[in-house]
Every structure is written in structure tokens, then in C-alpha cells.
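>>> My questions are about this predicted structure, shown below with the sequence.
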2 protein chains.
Amino acid sequence: MAMQKPVLALVGATGAVGSTMIEIMDSRESVPWGEIRLIASARSAGKVLRVRGEDITVLELAPEVFDGVDIAMFDVPDEVSAEWAPIAAARGAVAVDNSGAFRMDPDVPLVVPEVNADKVTDRPKGIIANPNCTTLSMMAAMGALHREFGLESLVVSSYQAASGAGQPGIDQLQAEISALAGKNVGNVSGDVAEVLKAAGVPVGGDSPFPAPLALNVVPWAGSLKDDGWSSEELKVRNESRKILGIPELKVSATCVRVPVVTTHALAIHATFSRDVSVDAARKLLGDQPTIVVKDDPANGEWPTPADAVGGDPTVVGRIRQSLDFPNTLELFVCGDNLRKGAALNTYEVAETVAAAG
Amino acid sequence: MAMQKPVLALVGATGAVGSTMIEIMDSRESVPWGEIRLIASARSAGKVLRVRGEDITVLELAPEVFDGVDIAMFDVPDEVSAEWAPIAAARGAVAVDNSGAFRMDPDVPLVVPEVNADKVTDRPKGIIANPNCTTLSMMAAMGALHREFGLESLVVSSYQAASGAGQPGIDQLQAEISALAGKNVGNVSGDVAEVLKAAGVPVGGDSPFPAPLALNVVPWAGSLKDDGWSSEELKVRNESRKILGIPELKVSATCVRVPVVTTHALAIHATFSRDVSVDAARKLLGDQPTIVVKDDPANGEWPTPADAVGGDPTVVGRIRQSLDFPNTLELFVCGDNLRKGAALNTYEVAETVAAAG
């Protein structure tokens, strides 16, 4: 990389994650970048967005916009990344991709800087992948615990936010809650679908969610894979193994959407090869710069999505030692799925690449 | 018990569970009871409630109202049951108690008819206990699977409804959702507490829930016990062991309240001593009279709380065989916490006692 400040490109600058990315850059005391280029589809090209006090005109995605770019962050759908990240790489940029297109490619590192920052320089394709937001919510915590205690297995149940389905997910939950306004919730709880239909709110096939989400939870996220598993559940398993560098890690995940706007929560049952203690785990997690421990039930302190939303840290609490399973901790973890779960981690990977030179 | 039809008493007839109990009796084709007595506190005594087409005046709780009663169902707070169930028993009634007062008493059977109906006649104190609603949601399914495969351990994460905290819980969620009407949910998701306070809706100490529940999930239910466990989590462990008759069953539970009015959902990771298969489990569960299997993700079929509310059956789906843990099934279970989770099971125990004569 050049001695001058690296040129950063943000592809997908006008989307939900792209907007969060700009917020993150605005909030940093300093950034290591020279030029910042904003890139989007033809539809959004020409818009002017303000980044760190400077007006920047959005460029249309094309091969030549990557000329001179050192690091290109991609916050776009899988198929767009699959096509364009290699083009950016061929033009000399390191592509840091937030889509699912390259995560399990053996020639693409899957990076959470707190866990495996060293992998950013091992990028045969010039591409680095950012994990799925559900996996990411727990990686900082599990990475720290693994280094200390030796992780062997994970049983995970998720409480996933509507914004995991992007802006359409937020809009859908908004529409559902508006349709319920003024209703007696005790009377409609079995009939939310009917209330939504009567209000003209899409349900099922026409909605980002396969069932009503307001006053409900939906045990489905992603697409159907073999043997009844959802794609989201397999991502949690396969990406955790790759990021933590434990190919044999046992993982069972059940992914459930809940009527929360932003922040994924996870209930985690984690078994280790060495003795664990709650005190040691709490101290270890509290010492991590990107984790906040909120764990004092006697004083009403535990993580909820509302505590994590809009913030960078993962909030960890409800740390208990299993009464019956040896070397096992139970935890409840909340992470803003648009920040650490997407934009923030991508940005931190880009920073790590810049620092690695 | 007398040859004539048994006399049934319902203590707590005017509460949330009591009302559901009356609905259940109304919906039955026939009931085995002679007289039905409704009993409540002085405040509600004198009210007239209609049960199976007959107006019945609510009596004030007093020792003599149990004279001549064969079976007395208690749907009242723990301390009321602790005092009055023994009085009813001393007057000759079999007390079927839905509170937590007697569940772990070694001289009180804890009964789910699908699992351990035979225990109803082994009642040294004349008292039979009904399990906690969270435990109950999974007992019919786990009992059937245990008989077939030999249950060894359970890891459970709950998605518990507001009505688990009774009518005040329903009213609180109603007030929270009303306060959010017209707000941009994307903007307020981290500030629900402020929105509620501004609308005069109680938050925290003055609410049945220790944190805002709308657009949030709260990983806390019950009171604080040793080592950071909640009372609800320990109930799931201890009651499951007692009902299933597996004193050494390994159980870890994380209990989380979600913004759903009625129906508790559970994500269950269950390990058995014998080989399992999804097909065998699905057939076995589908053969249970009180279970509905809804498990066809290709066609958008899985259990949600909205599917179970107001119904008697437990809805079971998302049945998967663990990819990494031997002899292990993953399931998602939904049960109406006011029906099977409380009133229905209590009533079925009373029916079982009546049938046992």
C-alpha cells in the first residue's frame, strides 16, 4: 500500500448498512483515509452525502471507480459482491465484503479483529469477508473465552431483530405495530395476521418475514437447507468454526426473529475443555475493549437489545456456571446488528488492513 | 370419593387463570362434576359468573366453603395456596394447586397427565401441584420423547409471554404498545424507556417487568436465586426432573421475556441415551393426542406463538437432528401459557383425579 494515506471506497453507500458506516466514520476522532469514495447503483449515483463534514457525490458502480482505491468496503447484496469484489481486487483494492458471497471460501479470510486480526494479510483473492450479523454478535465474547478456556461446543438460541432483514424489515415491523395501535392486544394476540390484512399490511409472502412479527416470534431466518436447518443457523455454525479456528467446534443454533427493531440477542450455552468460573469469565470479558459486562441481577442489570442499540460494544451478562454440565457457561449477549454486526466490523477490518500496511 | 358426581371448587375464579378455567369448562362437551363452586377473595365475592350456562355466585374464601368439596382447584398466589390448600385438604378435598407453593414438596406429586398421570393417587398431603407454565410448555413433548429415546439433558431458551405475569403483564404490554403508536420505531428502538416515561407508562420498578418489553426482550423472569440464576430458570430444571422422574437430568435454562401477549415458546436442545431420528420423533410427537406437529419449513410451516394461542395443544416444529452432538434433537415448542401452561393442565389433573375415583 502507498505511503500516502490509503484511499477508501464504500460500495453500497446509500443502503441501511452504508448509512450506518457513514455514521461510524463521522463519529471517529480521526480516520486513516486520504480520499473517501462513495459508490452505489445507477439509481443512487449523483446523490451528495456528507461524510466527516465534506460533501461527497455518489459514483456509479463501474470497474474504473476502483482505480487508485486501496480498500473497498462492500455493503451490497450477495450477488453484487460476488460480481464486483473480484473486480475491485483485480484493480488493486483489498475488498472487505459484508455479504455472504465469500465467507466460506477457503481463500478468503473471515475476520473479526478482536479474534483473528492476523488473518487480514492472508488474502489470496484480495478479498476479506465480514461474518453474518448473528454470528458476529457473539464472536468478541466467544473469542476471549476460547483463548482462556478452550471452546468445545456451543448451543445458541437467537432473538434476532427486524433490521437484520434491512430497511424493509424495519418498515414491516413499523407497519405491523401501527396496525395494532388502538387494538386490545389481549384480544388480538392469536389474530395478528387478520388485523394486519384488514389494515392492508402485507403478511407472509409479501412481507420480509414469513409470519407476523408484532406480538409474535418467528423461528425462521434465511432459506431452507438440508435436514430442516435454516441458512442462518448453518452460518452460525460454519462461520463460528472458521473465525475461531476450531474446525471441529460443535454448534447447534436455533435462529428466531423477534419484534425488536435493532440488536440481535443470543442465549449461549458454551462448553470448554478447561475449568471455568463465572468470576474469571466476568473479569476476562470486562477486560475486553469492545465488550461491556452488564451482569448484576440483584440491581436489575442484564443486557437487553435496548441497551446495545446504537452502540459499538457487545453487551454481555447473565453469566452463570451450568449446574449440571461440566466446564459450561451460560451467557446472554446483545450486539447492535447494524453496527458490530455489519458496518462496524467491516470498518474495523478496513482499519486493520490499513494499519497492516 | 362419593359415587355421586364429585363437587368441584375453583379458588381464584375471578383471576386471569380462573377466567381461562371457566372458558375451558364451557368448551367441554361434558364435565364430570356435580356442583361447581366458585371461590375468590372478599373483594370479588358476590359476583355472579356464568359457567356452562348456569349463573354461579362467587363465594368468599373461608374454611367452610370446602365442606363437601371433592376437588378444589387453586389459581391464586403462592401465599394464598400455601395457607388454604391444606385447609381444603383437611376438609376432605383433593387440592389441585397451580401455585409454586408445593411443587417441590416431596409429599406432593407434580403432575402433567400425559407424562405421569399415575402420580395423582399418591398424595400424602391431599395436595397435587401443577407445574410452572414455562416447564409445562414442553412436558408433553419431552415426556413422549423420553419414553422413546431416554432423555439425558436439556438446554432450553425461552421466549415467554407477558401474560406469564398475569393480567398486569398484559396491561403493561398494552400500555407500552399504545405509547409507541405513531412513533418511528427505527428511531426510538434504543429509547423505548424514555418514550414510555413521557407517555406516563411505568418502567422498571413500577412495571410487572424489570425493563421495557415493547421492541425489546428481557432476559429475566422471577426472582434472583444463588449464583445468578433466576427462579424461573431453576423451576424449569427442578420441575422437569420431578415430572419426568429423572432426578439426574441435566438442565440449563435461560428464561427471556418477549413482547408477546400469550403463549410461551421454547427452543430446546435435547440429548438422549439412544439413537434418535427426526422422522421417528416427528411421528411419535404427531401421535400424541395433545401435540400438533407443524414442521414443514419448505411450505412455511413452523410453530409461532400466534399459532398456539387460545388452543389446547402444544405446537411442535423445527425438529432437527444435531449435526455435531450425538443423539440430540433440536425443537421449537409453543404452548398457550394460560391454557396448557396453567388452567388446562390444572383442569386435566382434576379430571384425572375424578376418573381415578
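That came through, no problem. Just so you know, these numbers come straight off a predicted model, no measurement behind them.
>>> all contacts plus neighbour counts: C-alpha atoms, from now on.
Noted.
>>> and residue A:332, helix, strand or coil?
Secondary structure, DSSP: H, G, I helix; E, B strand; the rest coil: residue A:332 is strand.
>>> burial count for the nearest residue to it once chain neighbours are set aside?
Nearest non-adjacent residue to residue A:332, counting by CA to CA, 6 or more residues apart in numbering or on different chains: residue A:267, 4.7 Å away. Neighbours of residue A:267 under the rule other CA atoms under 10 Å in any protein chain shown: 27.
>>> Identify each buried residue in the strand or helix carrying residue A:267, please.
Assessed by DSSP states H and E, residue A:267 sits inside strand A:264-272. For strand A:264-272, burial by neighbour count (16 or more other CA atoms under 10 Å in any protein chain shown) applies to A:264, A:265, A:266, A:267, A:268, A:269, A:270, A:271, A:272.
>>> same thing with stretch A:245-255?
For stretch A:245-255, a neighbour-count test (16+ other CA under 10 Å) marks A:246, A:249, A:250, A:251, A:252, A:253, A:254, A:255 as buried.
>>> Tell me which two in the residues you listed are the farthest apart.
Farthest-apart pair in these is A:246 and A:255; separation 21.5 Å (CA to CA).
>>> quick one: the helices in chain A?
Listed in chain order, the helices of chain A (DSSP state H) span A:16-27, A:78-90, A:113-116, A:133-149, A:166-180, A:185-188, A:192-198, A:231-244, A:278-286, A:305-308, A:344-356.
>>> so which of those helices gets nearest chain B?
Taking CA to the nearest CA, helix A:305-308 is the member of these nearest to chain B, at 4.6 Å.
>>> Off-centre distance for the closest one?
Mean C-alpha position of helix A:305-308 versus that of the full chain (CA atoms, centre = their mean, to the nearest Å) differs by 15 Å.
>>> Next: stretch A:60-76.
Counting by CA atoms, centre = their mean, stretch A:60-76 comes out at 22 Å from the chain centroid.
>>> residues in contact with residue A:5?
A:32, A:33, A:34 (CA atoms under 8 Å, 6 or more residues apart in numbering or on different chains).
>>> State the pair within the buried residues of strand A:264-272 that is farthest apart.
A:264 and A:272 (23.8 Å).
>>> Output stretch A:7-25 in CSV with nothing but the alpha carbons.
Presented in CSV, the C-alpha positions along stretch A:7-25 are these (Å, rounded to 0.1, in the frame of the first residue of the first chain):
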residue,chain,number,x,y,z
VAL,A,7,-8.0,5.6,-0.5
LEU,A,8,-11.2,4.1,0.9
ALA,A,9,-14.2,3.2,-1.2
LEU,A,10,-17.7,2.4,0.3
VAL,A,11,-19.8,0.4,-2.1
GLY,A,12,-23.5,0.5,-1.2
ALA,A,13,-23.1,3.9,0.4
THR,A,14,-26.8,4.7,0.3
GLY,A,15,-28.2,1.4,1.9
ALA,A,16,-29.0,0.8,5.6
VAL,A,17,-25.6,-0.6,6.4
GLY,A,18,-23.9,2.1,4.3
SER,A,19,-25.7,4.8,6.2
THR,A,20,-24.5,3.3,9.5
MET,A,21,-21.0,3.1,8.0
ILE,A,22,-21.1,6.9,7.4
GLU,A,23,-22.3,7.5,10.9
ILE,A,24,-19.4,5.4,12.2
MET,A,25,-16.9,7.4,10.2
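>>> where's the closest residue to residue A:306 other than its chain neighbours relative to residue A:27, distance?
In space, and not counting its chain neighbours, residue A:306 is closest to residue B:190: 4.6 Å by CA to CA, 6+ apart. Distance, residue B:190 to residue A:27, using CA to CA, to the nearest Å: 18 Å.
>>> Show me which of the two is the more surrounded one.
Using other CA under 10 Å, the more surrounded residue of residue B:190 and residue A:27 is residue B:190, with 23 against 11.
>>> tell me the most buried of the helices of chain A?
helix A:305-308 (a mean of 25; mean count of other CA atoms under 10 Å in any protein chain shown).
>>> Averaged pLDDT, that one. What do you get?
Average pLDDT, helix A:305-308: 94.
>>> can you list the residues that contact that helix?
By CA under 8 Å, 6+ apart, helix A:305-308 touches A:260, A:262-265, A:314-315, A:334-336, B:189-192, B:215-217.
>>> let's see 6 Å
The contact list for helix A:305-308 (CA atoms under 6 Å, 6 or more residues apart in numbering or on different chains) reads A:263, A:334, A:335, A:336, B:190, B:216.
>>> In PyMOL, how would I select just the buried ones from those residues?
The buried residues among those can be selected in PyMOL (16+ other CA under 10 Å) with this line:
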select buried, (chain A and resi 263+334+335+336) or (chain B and resi 190+216)
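>>> May I see the contacts of helix A:305-308 arranged in JSON lines, with pLDDT as well?
Converted to JSON lines, the contacts of helix A:305-308 look like this (pLDDT from 0 to 100):
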{"residue": "A:263", "pLDDT": "95"}
{"residue": "A:334", "pLDDT": "97"}
{"residue": "A:335", "pLDDT": "95"}
{"residue": "A:336", "pLDDT": "93"}
{"residue": "B:190", "pLDDT": "72"}
{"residue": "B:216", "pLDDT": "96"}
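>>> Near chain B, which residues of chain A are found?
A:174, A:178, A:181, A:185, A:190, A:215-216, A:218, A:250, A:259-260, A:304-306, A:309, A:324 (CA under 6 Å from any CA of the partner chain).
>>> And the contacts of helix A:305-308, which is closest to residue B:280?
Among the contacts of helix A:305-308, residue A:334 lies closest to residue B:280 (CA to CA), at 36.2 Å.
>>> Give me the distance between the closest one and chain B.
Shown here: residue A:334 relative to chain B, a distance of 10 Å by CA to the nearest CA, to the nearest Å.
>>> ok, what's across the strand from the residue nearest to that residue when sequence neighbours are not counted?
Leaving out its chain neighbours, the residue that sits closest to residue A:334 by CA to CA, 6+ apart is residue A:265, at 4.3 Å. Beta-bridge pairing for residue A:265 (DSSP bridges): residue A:159, residue A:334.
>>> Please apply the same query to the one 4 residues further on.
On the basis of DSSP bridges, residue A:269 is bridged to residue A:155, residue A:330.
>>> pLDDT wise, what is it at?
Value for residue A:269, per-residue pLDDT: 98.
>>> Thought residue A:333 was touching it, still the case?
No: in terms of CA atoms under 6 Å, residue A:269 does not count as a neighbour of residue A:333; the distance is 11.2 Å.
>>> May I have the predicted confidence score for the closest residue to residue A:32 other than its chain neighbours?
In this structure, residue A:32 finds its nearest non-sequential neighbour in residue A:5, 6.4 Å apart by CA to CA, 6+ apart. Note on residue A:5: pLDDT of 94.
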